[in-house]
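Participant: after the sequence you'll find the predicted model.
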Amino acid sequence: MVDGVSAHDIEGLVQIRHGSPDKVSLIKALITHPCTWVCSTLILAVVIFAIVSPAWCPEVARCSAVHAETSVIYNACTASALGAVFLHELVCLCLTFKAARGAMHIIHNLKDTLIPSAFLCATFIVLFIENIVFVSETPWYANAMTAGDGDILDGEPVYTVFYLEWLINVPILMILAGKYALRRPMTEVARPLIVTNVYIILAWAVHFIPSLAGRMVTLTVTFLMYFWASYDMVQWVTKHRKGHPEAHLFGRPFLSIALIVIFGIYGFVFLCRQGGAISTVEERMFFMVMDASTKLLTSVAFAGLRSSQYHNMLLDMVVNTNTVFQRDLKQPAETTWGRGGS
């Protein structure tokens, strides 16, 4: 007791000033939990949708007319290819799991090598569904742009299904790049992931802001958030390189660097569409090709990582087995020599 203040009160003041360890750990656990990402993204998407209140494409004559100019044959072909890739990835995952199931309790972290394949299966099936949706007769999955009176972009289709696919698959790609390729903790992956989902929603909302000033402000915020998330992803690579100075940039860091560049290209095309430099059809074709290419690139990158990981695992097992075997040979010889010498 000091001047009427007990030790318990002083401890409480210190916890308020510096934060209780239990509360801090609870906050970190909430931030890194996938349910937090899903709920925050869903709430923000619903709020933004209610604010901008976009019209659906079938309700606007110009939107339906522009959409009718596009061909769905490319989406049908892409869906067929993605279906084959998904089945290949799924079969490989099932066979690998069946072969490794008996050794999971012996080999450390063997189960973690299967999780990226499961994530890749999820990305391929989501992308497959997206392309199947595009084959629909009516553009129920698109909204009509609201760019203001007299704007040449007013009433053109905005394919909301693209943005929904990104809200699902982009976080998966970032988890694969950060947690499973670079082995960064989820506390480092969480912030750029949430920031990325926020700027994806804002990029979609830009199409439905009739005020030019409002669009410019939203665009500025969107790209600032992209640079913020990209900076965090660069930090993943920097920290990984500090812990593994021998690591090559085209090894584990490659996927994170590639995603930063790819997201930047998406942003450039998005700006070109906002400025009227490219048409709706060209934007749609670009997004379709890049979506499929990015997932295939990720699959190829992890095929290489899995091969390297299995190779290192086998080397470790061989080294450990030889060490134990040599020790078993050496110990009887020493025992025999000791007995003879005595």
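Facilitator: Noted; the coordinates are in hand. Residues are numbered from 1 along each chain as shown.
Participant: low-confidence ranges in the stretch 1-150 of the chain?
Facilitator: For the stretch 1-150 of the chain, applying pLDDT under 70 flags the ranges 1-29, 32, 102-110, 149-150.
Participant: how does it look with 50?
Facilitator: The model of the stretch 1-150 of the chain has pLDDT under 50 over residues 1-17, 19.
Participant: would you map the helices across it?
Facilitator: 7-18, 21-32, 34-52, 61-68, 73-100, 115-134 (DSSP state H, counting those that start in this stretch).
Participant: of the ones you listed, which is nearest Ala213?
Facilitator: Across those, Ala213 has its closest neighbour in helix 34-52 (15.5 Å, CB to CB). Backbone N, C-alpha and C define where each C-beta goes, glycine included.
Participant: and that closest one, what other elements does it pack with?
Facilitator: helix 160-175, helix 186-206 (3 or more CB pairs under 8 Å, 6 or more residues apart in numbering; DSSP states H and E).
Participant: same thing but 6 Å
Facilitator: On a contact count with 3 or more CB pairs under 6 Å, 6 or more residues apart in numbering; DSSP states H and E, helix 34-52 meets helix 186-206.
Participant: which parts of the helix it packs on are buried?
Facilitator: Under the neighbour-count criterion of 16 or more other CB atoms under 10 Å, helix 186-206 has 186, 188-190, 192-206 buried.
Participant: Arg273: which element?
Facilitator: Assigned by DSSP states H and E, Arg273 belongs to helix 254-274.
Participant: that helix vs helix 160-175, what angle?
Facilitator: Relative orientation of helix 254-274 versus helix 160-175 (axes from the mean of the first three to the mean of the last three CA atoms, to 10 degrees): 160 degrees.
Participant: picking that back up, could you dump the helices of the stretch 1-150 of the chain to TSV with distance to Ala292 and mean neighbour count?
Facilitator: TSV is the format used below for the helices of the stretch 1-150 of the chain (distance: least, CB to CB, whole Å; neighbours: other CB atoms under 10 Å):
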stretch	distance to Ala292	mean neighbour count
helix 7-18	49	10
helix 21-32	30	12
helix 34-52	23	13
helix 61-68	21	16
helix 73-100	6	15
helix 115-134	6	20
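Participant: Asn143: which of the ones you listed is closest?
Facilitator: Comparing those by CB to CB, helix 61-68 comes nearest, at 8.0 Å.
Participant: could you dump that closest one to PDB, C-alpha only?
Facilitator: Only the C-alpha atoms of helix 61-68 are listed here, as PDB (Å, rounded to 0.1, in the frame of the first residue of the first chain):
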ATOM      1  CA  ALA A  61     -30.800  -1.700 -71.700                       C
ATOM      2  CA  ARG A  62     -27.300  -0.500 -72.500                       C
ATOM      3  CA  CYS A  63     -25.700  -3.000 -70.100                       C
ATOM      4  CA  SER A  64     -27.600  -5.900 -71.700                       C
ATOM      5  CA  ALA A  65     -26.700  -4.700 -75.200                       C
ATOM      6  CA  VAL A  66     -22.900  -4.400 -74.400                       C
ATOM      7  CA  HIS A  67     -22.900  -7.800 -72.700                       C
ATOM      8  CA  ALA A  68     -24.500  -9.400 -75.700                       C
END
